[in-house]
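1. Need coordinates for the following:
(chains A, B and C)
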Amino acid sequence: MEISLKELSARLDVPLRGDGGVRVSRIAQLTNADANSLAFLGGSKYRRYLPSTAAGAVILSEADADVARVPVLLSDNPYLTFARAARILHPEPSVVGGVHPTAVVDPAASVDPSAWIGPLSVLEADVWVGPRVFVGPGCILGAGVRVGEDSRLVARVTLCAGTRIGRRALLHPGAVIGRDGFGFARDGERWVRMPQVGCAVLGDDVEIGANTTVDRGAIGDTLIGHGVKLDNHIQIGHNVEIGDNTAMAANTGISGSTRIGRNCTVAGAVGMAGHLEIGDDVHFTGMAMVTRSFLEPGLYSSGIPAMRSADWRRSVARFRQLDELTRRLRHLEACIDTMNDTIGRGDS
Amino acid sequence: MEISLKELSARLDVPLRGDGGVRVSRIAQLTNADANSLAFLGGSKYRRYLPSTAAGAVILSEADADVARVPVLLSDNPYLTFARAARILHPEPSVVGGVHPTAVVDPAASVDPSAWIGPLSVLEADVWVGPRVFVGPGCILGAGVRVGEDSRLVARVTLCAGTRIGRRALLHPGAVIGRDGFGFARDGERWVRMPQVGCAVLGDDVEIGANTTVDRGAIGDTLIGHGVKLDNHIQIGHNVEIGDNTAMAANTGISGSTRIGRNCTVAGAVGMAGHLEIGDDVHFTGMAMVTRSFLEPGLYSSGIPAMRSADWRRSVARFRQLDELTRRLRHLEACIDTMNDTIGRGDS
Amino acid sequence: MEISLKELSARLDVPLRGDGGVRVSRIAQLTNADANSLAFLGGSKYRRYLPSTAAGAVILSEADADVARVPVLLSDNPYLTFARAARILHPEPSVVGGVHPTAVVDPAASVDPSAWIGPLSVLEADVWVGPRVFVGPGCILGAGVRVGEDSRLVARVTLCAGTRIGRRALLHPGAVIGRDGFGFARDGERWVRMPQVGCAVLGDDVEIGANTTVDRGAIGDTLIGHGVKLDNHIQIGHNVEIGDNTAMAANTGISGSTRIGRNCTVAGAVGMAGHLEIGDDVHFTGMAMVTRSFLEPGLYSSGIPAMRSADWRRSVARFRQLDELTRRLRHLEACIDTMNDTIGRGDS
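-> Numbering: from 1, shown residues only, chains lettered A, B, ... in the order given. So this is what the prediction gives:
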């Protein structure tokens, strides 16, 4: 969408410095922008590109404004303002209500007239799809599923029976919500499946990445709070609870019944054991191995960063000997103490 | 399903203590049960909830029976008995034979009249689907696939050509069985694909989680034993063999040609290198990095549990120096030996 | 396909030793081959099976030829020659042009007459599908997607709007290419989605494994070079660039904006942080945790290989104390220095 800087400034509610008649129609980076592009400067790292940018306008903070030779929009949080501007320039297509003729919709399903059900999607009995919901091609909504208003199922999303999705959700292809959790009782050598009778319940403004899975609860429900953002390939076990606005990067797995607080960030490929308690504002770096509860806010890490394999092999060999090395150290300390005594006596 | 305790006791073949006329219709936890619920007490941790539970009945062991104020079903293994009771109260819907009109079934496919083929599923030539099999919506069964009786493909399961599934299997959405394995020969800088002509063969009572992948064999077959349970997001490479009743939690990956024994448990996010041999009754904790064979039964682990990032950074720095630290320790030991000699001589 | 050794020798352009009239029709291993099978000997490990193999012929190097009692095809690279022979014996079925009547093809999509669009696939507006492309069942090609000639989408592949695939690509079931990347600006406690307006662009001869995801770029494109091979369950973040002929094993994740060079190999379950620079010919072993750039060619590793849990627990406890242990070591060194001085003085 093309828009004048004057109008953009008004819609974003940020000050404009420069010619309000300039029009922009897309976002770009400082270095590859043209006169129709809006760029942004988020930090000092890219400031050197500012004087020479060909962008039509740049969003930046007051501190950087003097360096710019093009019109600027001033913001205390340029990246946030840029995200909002990007949504104005590149709006989601609005949803046109209807049901594609190849969709298979059970007569007992209820679809709001303003919602779209895409080709080759399946809606089973007692499904409820709210206003302006977009169900892309190849989605499967099992019996009793509910999807709140303005949610978007991009394509090929599977919502198993009983799953409930809040408003303004964004679900990516391959996501599977509400699968029966992984619970078994042992009967000698055999595993007997424990029926999973809970559901998966997602709040408002939740995002679920491609091929991410959220299992239903065993007895109670699996609960995903408002504003939770999950990247691709994430596994959420049965009866996990995730607090509002917690975000997780790709390949992370949370085992059953673990409870995670609000405003946490979990980087990629983190693994959490089951039945843990993670507080609010707890943050984990990538590949962290979380085997106990962390209630205190803070940043937690684990793992050994990659190094030259030859060096790594030597360190690993020593790691295996760490207990022995510690004993040898303790023995030396005792020797030194004895010798100090001896020498002390010898000196006296 | 509603059932009297008297009948439940008989069907489970466990003793009842209390009013056999009480009726229950669902499972619940001790703490959120009502008079229609059946709960269980598996261990001492939850015993404190027993006196006040509102459950209609509780499954527990003889040792806990006295504390209960409601009718009880006695079991040496309350969780197993509860799993069986749950299946009685919450039965799988029985399969009604038929083929949905939107399914695409090759004329050369053979579907037992008692099996169900769901909407928008595809069955290619020479597929064989056994009695009472449930094929949910959006499944794809490639040429020559065989699915044994009473198996259940929940939805959107992909079985690539030639895959064979045993009886009573449970396959969750997004599972991909029988993909061509990842095998290449190097031709200078280029990779030349090695055709994968084996199959993926799954035994009876196998469960495959959502978005889990089992690759076909390169020449021989990939073999998944009876009663094997795989959680979500698991990768099984080509020509892997997994023994009966081995279970794996989510996000685990097994590289090609590794053989795993019977009755093993592999926790989440474990990685195994290829061409390994894992014995029976071998168990790995979460995120274990398995780079060699383990033939002895036992519990194996690896990784560094998460800690405060500031502390972790210091430990990691030292880890890199471990070989040097060991050399310094050895040098000190030599010094001490020399000094002890010196002092000894000095003393003499 | 059945073929005489004489013809196979000619097509592979390798010398034949033995009866050229022998015919083979399939590949097999040395140990389970029959007279119609072609096997190969790649290394000394399996040489002992050579004298007794029942194979109709064996591909091997000159050095092993004397041990064989069956006709042999000689090659400096037996595995590569075997891969080529396997493709001759087990050819991909050739593509028959057409559109299955259940496919949903937008009138504004362009499909080459020699391409096949399988059942229940969806092609949105402005899709372009090139000559001899195979689109298997259940694929979704979003608006503006382009797929180059001779590419093969096995089944249920999702290409999000704007994705471009080169020639001779092989995409496996569950792959999701071009999902909106995971980018948000923080607005107080809430996350505001950053629109992702770049695309995912794949070169020629690329392979994408089952359930692997490649996100679209935020502003510029995500770029996958020619000949790149990605196994199953891999996550490629937005704006990642991967150089030609780099290969990655299953469960690996690459965070946003990381650039990887040519001819790299990345083993399974590796995790890379974002905004890194990885040079050409860099290799990572399994589960490596890559938190900084690696520009030098070489082999890099991290992680602690699995060990008995009891031993592991002791080593982990010491790992946490490594900084303290190092301080104690340093203290001892100082003590020894002092004592050496003392003893030295005492000796003088």
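
2. Would you map out the domains in chain A?
-> Chain A is divided into the following domains under automatic domain parsing: A:3-89, A:98-300, A:310-347.

3. Ranking these by mean neighbour count, which comes first?
-> Highest mean neighbour count of the domains of chain A: domain A:98-300, a mean of 23 (counted as mean count of other Cβ atoms under 10 Å in any protein chain shown). Just so you know, the C-beta spots here come from the backbone N, C-alpha and C atoms, and that holds for glycine as well.

4. taking the mean pLDDT, what do you get for that domain?
-> Averaging the model's pLDDT scores along domain A:98-300 yields 98.

5. Spell out which parts of the stretch 51-200 of chain A neighbour chain C.
-> With Cβ under 8 Å from any Cβ of the partner chain as the criterion, the stretch 51-200 of chain A meets chain C at residues A:77, A:79-80, A:82-84, A:86-87, A:90, A:100, A:102, A:118-120, A:136-138, A:154-156, A:170, A:172-174.

6. Also near chain B: which of those residues, exactly?
-> A:102, A:120, A:138, A:156, A:174.

7. could the residues you listed be laid out in JSON lines, adding secondary structure and distance to A:V147?
-> Below are those laid out as JSON lines (DSSP: H, G, I helix; E, B strand; the rest coil; distance: Cβ to Cβ, whole Å):
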{"residue": "A:T102", "secondary structure": "coil", "distance to A:V147": "20"}
{"residue": "A:L120", "secondary structure": "coil", "distance to A:V147": "17"}
{"residue": "A:G138", "secondary structure": "coil", "distance to A:V147": "15"}
{"residue": "A:R156", "secondary structure": "coil", "distance to A:V147": "15"}
{"residue": "A:G174", "secondary structure": "coil", "distance to A:V147": "17"}
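
8. quick one: which two of those are the most distant?
-> A:T102 and A:G174 (20.3 Å; Cβ to Cβ).

9. need the helices for the stretch 201-348 of chain A, in chain order.
-> A:309-320, A:322-347 (DSSP state H, counting those that start in this stretch).

10. likewise the stretch 1-150 of chain A?
-> Under DSSP H, counting those that start in this stretch, the stretch 1-150 of chain A gives helices at A:5-12, A:78-89.

11. tell me what the last one is packed against?
-> Going back to what we said before, that points to helix A:78-89. In terms of contacts (3 or more Cβ pairs under 8 Å, 6 or more residues apart in numbering or on different chains; DSSP states H and E), helix A:78-89 is packed against helix A:5-12, strand A:26-27, strand A:37-40, strand A:57-60, strand C:184-187, strand C:190-193.

12. Would you tell me which of these gets closest to A:G166?
-> Evaluated over the helices and strands packed on helix A:78-89, closeness to A:G166 peaks at strand C:190-193, with 14.2 Å, by Cβ to Cβ.

13. and that closest one, how far from the chain's centre?
-> Chain-centre distance of strand C:190-193: 34 Å, with Cα atoms, centre = their mean, to the nearest Å.

14. Then stretch A:8-24?
-> On Cα atoms, centre = their mean, the centre of stretch A:8-24 falls 32 Å from that of its chain.

15. That one near chain C anywhere?
-> No: counting by Cβ under 8 Å from any Cβ, no contacts exist between stretch A:8-24 and chain C, the nearest distance being 12.1 Å.

16. now the end-to-end length of that stretch.
-> One end of stretch A:8-24 to the other measures 9 Å (Cα to Cα, to the nearest Å).

17. Identify all contacting residues around it.
-> Here stretch A:8-24 makes contact (Cβ atoms under 8 Å, 6 or more residues apart in numbering or on different chains) with A:2-6, A:36-38, A:56-57, A:59, A:65, A:70-75, A:81, A:84-85, A:88-89.

18. Try it again at 6 Å.
-> The list of residues contacting stretch A:8-24 from outside it, by Cβ atoms under 6 Å, 6 or more residues apart in numbering or on different chains, reads A:2, A:4-6, A:36, A:38, A:56-57, A:71-75, A:81, A:84-85.
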